[in-house]
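Student: Need coordinates for the following:
(2 chains)
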Number of protein chains: 2
Amino acid sequence: MPVNYTPPPPESLRPVAGVELGTAAARVKKWDRDDVVLVALAPGSQAAGVFTRNRFCAAPVVVCREHLERAGQVRALLINAGNANAGTGEQGLADARRCCAATAEMLGCAADEVLVYSTGVIMEPLPADRIVQALPVARASLRVDGWGAASRAIMTTDTVPKAASVHVKLGSAMISVTGMAKGAGMISPNMATMLGFVATDAAVGRSLLHTLTREIAEQSFNRITIDGDTSTNDSFVIVATGGSGAPALERADDARLPLLRSALLEVAQALAQAIVRDGEGATKFIAITVDGGRDSAECDAVARAIANSPLVKTAFFASDPNLGRIVCAIGNGAAADLDPAGVSFWLDDTLVVDRGGRAAAYREEDGQRAMAKSDIGVRVSLGRGSARSTVWTCDFSHDYVSINADYRS
Amino acid sequence: MPVNYTPPPPESLRPVAGVELGTAAARVKKWDRDDVVLVALAPGSQAAGVFTRNRFCAAPVVVCREHLERAGQVRALLINAGNANAGTGEQGLADARRCCAATAEMLGCAADEVLVYSTGVIMEPLPADRIVQALPVARASLRVDGWGAASRAIMTTDTVPKAASVHVKLGSAMISVTGMAKGAGMISPNMATMLGFVATDAAVGRSLLHTLTREIAEQSFNRITIDGDTSTNDSFVIVATGGSGAPALERADDARLPLLRSALLEVAQALAQAIVRDGEGATKFIAITVDGGRDSAECDAVARAIANSPLVKTAFFASDPNLGRIVCAIGNGAAADLDPAGVSFWLDDTLVVDRGGRAAAYREEDGQRAMAKSDIGVRVSLGRGSARSTVWTCDFSHDYVSINADYRS
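Tutor: Numbers count the residues shown, from 1 in each chain, chains lettered A, B, ... in the order given. Predicted coordinates:
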């Protein structure tokens, strides 16, 4: 059960002109469900992506990077759940390329106009035969309102599908932005998340779209962590089809850009937070903001030290205001020259530590009350600057251990 | 229950000439057990210590550092369990100093000849009154064979006491080295561990003892991690009393030094590994060696990425050869320029990944067999150099969550 998150009804997910989605059951694993998604994009669609920094990155990540570096347009995405095609060496690369080639042949485009994504078990050979065989079924089911079915087909240990949709008036044109994502464990994205897909029917030039994608990732998927493990497959892509007919955005000083950025960010943040709320075994959603830092990197390091500490996460699970563990995590994440005597922190609105020591007015009951909520805010002030950073995370429960001890069985 | 570790019988712990240990029940927490240890040292004893790098370091760590920086000898250690005196601000410092002053007054030495150590809950005021009141009882129980009782009195969530003892002939003199340690969670020492104490009746000059202590810590307590959280109180101290009557070691080229170093290291490694084997909720002991690196720092980073990954640790708990998680962790810990195609790894003697891909001969049954053992070896070769590093860790079980969700209740 996700923490305070209900997936939007499929009918609320706005079609994006130029995007059709179809699904099929390729039996990538021994399960009885759709596990392959084909996303067909209108000619002229631009895409930009950011990917994992894990050095053992998966074969589809290598192939996506290659394809995106080439100049041309993007005509399709092919996504499978159940197998990550990671740690699979040369055979994995060949399998990923074969999936792209088969998709390209079916759709009548070039192989490097296809992007490929995989998520699931690592170090098992990808059943590329079965995925290729399922392509015609996926193609036959292509539809503009396929976002709901697609967001379900990319799930692995997710308990609910994640999707979000907004629209915004850009000049005289109404623009749609719709996206989907998956991920529940091995989540600590670095430049991207497990799998996140956002499409808009705005037209955006290649260079501007690349800049936008990095900015949006930094403020959404790169702000979450579930277990501190950056996966081999993290990928986030924004597709701009131009299907709305609105004039293309090409320059950073386009007056419409802030509106489009804000719409993209709203969808990306909703998806990123949904991943945390559906984190493996999560019972709490915790927003950690660190401010008063010299630069955002030091704020980020402290926020992540808190967010990834197993001791802090189990205390949140237990609703135990064991605030010493947060103090300890702050001390681990902080720069060597940070003066603890300048550090304060709040649990929701309750001041707990006041400039390095326990706040005089702090009462255990107040901490207890804040910890018992399912949405909790932690704010740390480092007391020496004006930079800030926010990270979203979840707690660490018995179910996290159960889920990860039983994952492959 | 610790993993393949039985505490040595108290009678096997050799007295160290010049060291007497006494215990008392100060009711630091609401429990009915000894929780204060007094270690009295003969005049002329030298001590050297290494301490946590956590920026929120505890009051006793601050006081110990001050006292050790001054030139003089050390006459006593005072240790309490149940309260860490960390995150306690100015009052905490005053409490730690007061404990030193009271001990010094009782023993007739200077306050800065007393070192003070605390372990337990963070951010609760230290009950210094009760500790000071317990000092006479601790003094009355001082005895040279007090190591067993002392190692029990410093326990917190430890399930067994940890102590070790060796003797070695240095020239014509027989030297004893005996030590004790505690720690079961918040364990990822950085220059030191939770609390580790080793004493020898060798005489060692101040500067040489300092060097030795750093070397020994680096090869013992700094090689372990349970949950990646470096505590606020990590402290490791070596005391050299000179009580054996053997001529003092003063210079790094003393021919007896390798023997003494080896004896100290044996005791320190036994204590460090005992801490891991008694890690909170541990069911497996895992030795991770990374070799073939460009330098030891890159080997260490990969070893720690594996050792601290919750996904790897839960897979070990489940005896699940989910080797993709180790691959993922390697990719997270590795330097940006590491070529995955050069990386191999073994589970015990089984080659699992052969230069970047699944080994042709690898069979799941072999992985399963290795994972099912309670002592497991992981070896990773980075394939580009001759440096190496080893880290010892444990798995991550339901009991870890239970222990840490219930710790304060």
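
Student: Can you list the low-confidence ranges for chain A?
Tutor: A:71-72, A:185-194, A:406-409 (pLDDT under 70).

Student: hmm, the lengthiest helix in it in reach of chain B?
Tutor: Secondary structure of chain A per DSSP state H: the longest helix is helix A:257-277. No - using C-beta under 8 Å from any C-beta of the partner chain, we find that helix A:257-277 stays clear of chain B, coming within 15.2 Å at best. (Each C-beta comes from the backbone N, C-alpha and C, glycine too.)

Student: Next secondary structure after that helix?
Tutor: strand A:285-293 (DSSP states H and E).

Student: if we look at that following strand, which residues are touching it?
Tutor: A:3-4, A:273, A:276-277, A:299-300, A:302-303, A:306-307, A:316, A:342, A:374-395 (C-beta atoms under 8 Å, 6 or more residues apart in numbering or on different chains).

Student: Of those, which belong to helices?
Tutor: Using DSSP H, these in helices are A:273, A:276, A:277, A:299, A:300, A:302, A:303, A:306, A:307, A:316.

Student: Most neighbours among those residues, which one?
Tutor: The most neighbours of any of these, using other C-beta atoms under 10 Å in any protein chain shown, belong to residue A:303, which has 30 neighbours.

Student: what residues are up against the nearest residue to it once chain neighbours are set aside?
Tutor: In this structure, residue A:303 finds its nearest non-sequential neighbour in residue A:391, 4.1 Å apart by C-beta to C-beta, 6 or more residues apart in numbering or on different chains. Residues near residue A:391 by C-beta under 8 Å, 6+ apart: A:223, A:224, A:225, A:287, A:288, A:300, A:303, A:304, A:306, A:307.

Student: same check, this time on residue A:100
Tutor: Applying C-beta under 8 Å, 6+ apart to residue A:100 gives the contacts A:63, A:67, A:78, A:111, A:112, A:114, A:115, A:116.

Student: give me phi/psi at the nearest residue to the fifth one once chain neighbours are set aside?
Tutor: Think residue A:112. Leaving aside its sequence neighbours, residue A:112 sits nearest to residue A:67 (C-beta to C-beta, 6+ apart; 4.5 Å). Residue A:67 adopts backbone torsions of phi -70, psi -40, taken as degrees, to the nearest 10.

Student: Identify the residues contacting residue A:67.
Tutor: Residue A:67 is in contact with A:74, A:100, A:112, A:113, A:114, A:115, counting by C-beta under 8 Å, 6+ apart.

Student: Out of those residues, which sit inside strands?
Tutor: Counting by DSSP state E, the contacts of residue A:67 place A:114, A:115 in strands.

Student: what's the farthest-apart pair in the contacts of residue A:67?
Tutor: Farthest-apart pair in the contacts of residue A:67 is A:74 and A:100; separation 11.2 Å (C-beta to C-beta).

Student: anything in contact with each of these two?
Tutor: Each of A:67, A:114, A:115 lies in contact with both residue A:74 and residue A:100 under the rule C-beta under 8 Å, 6+ apart.

Student: In a markdown table, list those along with distance to residue A:129.
Tutor: Below are those laid out as a markdown table (distance: C-beta to C-beta, whole Å):
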| residue | distance to residue A:129 |
| --- | --- |
| A:67 | 22 |
| A:114 | 18 |
| A:115 | 21 |
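
Student: out of those residues, which one sits closest to chain B?
Tutor: residue A:67 (20.1 Å; C-beta to the nearest C-beta).

Student: Which members of the contacts of residue A:100 are the farthest-apart pair?
Tutor: Every pair of the contacts of residue A:100 checked by C-beta to C-beta; the farthest is A:78 and A:112, at 13.0 Å.

Student: More neighbours: which of the two?
Tutor: Remark: of residue A:78 and residue A:112, residue A:78 carries more neighbours, 24 against 20, as counted by other C-beta under 10 Å.

Student: then the helix or strand harbouring that one to CSV, C-alphas only?
Tutor: Using DSSP H and E, residue A:78 falls within strand A:76-83. The C-alpha coordinates for strand A:76-83 follow below in CSV (Å, rounded to 0.1, in the frame of the first residue of the first chain):
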residue,chain,number,x,y,z
ALA,A,76,9.4,4.7,-30.8
LEU,A,77,10.2,3.6,-27.2
LEU,A,78,10.1,-0.1,-26.3
ILE,A,79,10.0,-0.9,-22.6
ASN,A,80,9.9,-4.3,-20.9
ALA,A,81,9.4,-5.2,-17.2
GLY,A,82,10.7,-8.4,-15.6
ASN,A,83,14.3,-8.3,-16.8
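
Student: Just name whatever secondary elements it is in contact with.
Tutor: When contacts are defined as 3 or more C-beta pairs under 8 Å, 6 or more residues apart in numbering or on different chains; DSSP states H and E, strand A:76-83 sits against strand A:36-41, helix A:89-107, strand A:114-121, helix A:128-140, helix A:147-153, strand A:195-200.

Student: Among the ones you listed, show me which one is buried the most.
Tutor: Of the helices and strands packed on strand A:76-83, the one with the most neighbours on average (mean count of other C-beta atoms under 10 Å in any protein chain shown) is strand A:195-200, at a mean of 30.

Student: what's in contact with that strand?
Tutor: Applying C-beta under 8 Å, 6+ apart, the external contacts of strand A:195-200 come out as A:16, A:19, A:39, A:77, A:79, A:117, A:119, A:154, A:175-183, A:216, A:221, A:233-241, A:260, A:263-264, A:267-268, A:271-272.

Student: Sheet-wise, list the partners of it with their directions.
Tutor: Take DSSP bridges as the rule and strand A:195-200 pairs in its sheet with strand A:173-182 (antiparallel), strand A:235-240 (parallel).

Student: list the buried ones in the first one?
Tutor: It refers to strand A:173-182. Under the neighbour-count criterion of 16 or more other C-beta atoms under 10 Å in any protein chain shown, strand A:173-182 has A:175, A:176, A:177, A:178, A:179, A:180, A:181, A:182 buried.

Student: again, but for stretch A:4-23
Tutor: Applying 16+ other C-beta under 10 Å to stretch A:4-23 flags A:5, A:7-8, A:10, A:13-23 as buried.

Student: tell me the contacts of the closest residue to residue A:198 other than its chain neighbours?
Tutor: Excluding the flanking residues, the one nearest residue A:198 by C-beta to C-beta, 6+ apart is residue A:179, at 3.4 Å. The contact partners of residue A:179, by C-beta under 8 Å, 6+ apart, come to A:163, A:164, A:165, A:196, A:197, A:198, A:199, A:267, A:268, A:271.

Student: Please name the bridge partners of residue A:179.
Tutor: Beta-bridge partners recorded for residue A:179 (DSSP bridges): residue A:164, residue A:198.

Student: same deal with residue A:115?
Tutor: Assessed by DSSP bridges, residue A:115 has beta-bridge partners residue A:77.

Student: contacting residues for it?
Tutor: For residue A:115, the contact set (C-beta under 8 Å, 6+ apart) comprises A:47, A:49, A:63, A:64, A:67, A:68, A:74, A:76, A:77, A:78, A:100, A:237.

Student: From residue A:382, how far out is residue A:288?
Tutor: Per C-beta to C-beta, to the nearest Å, residue A:288 is found 13 Å from residue A:382.

Student: what about the residue in the stretch 151-300 of chain A positioned nearest to chain B, which SS state?
Tutor: Residue of the stretch 151-300 of chain A nearest chain B, by C-beta to the nearest C-beta: residue A:227 (4.6 Å). Here residue A:227 is recorded as coil under DSSP: H, G, I helix; E, B strand; the rest coil.

Student: can you check residue A:50 too?
Tutor: Secondary structure for residue A:50, judged by three-state DSSP, is strand.
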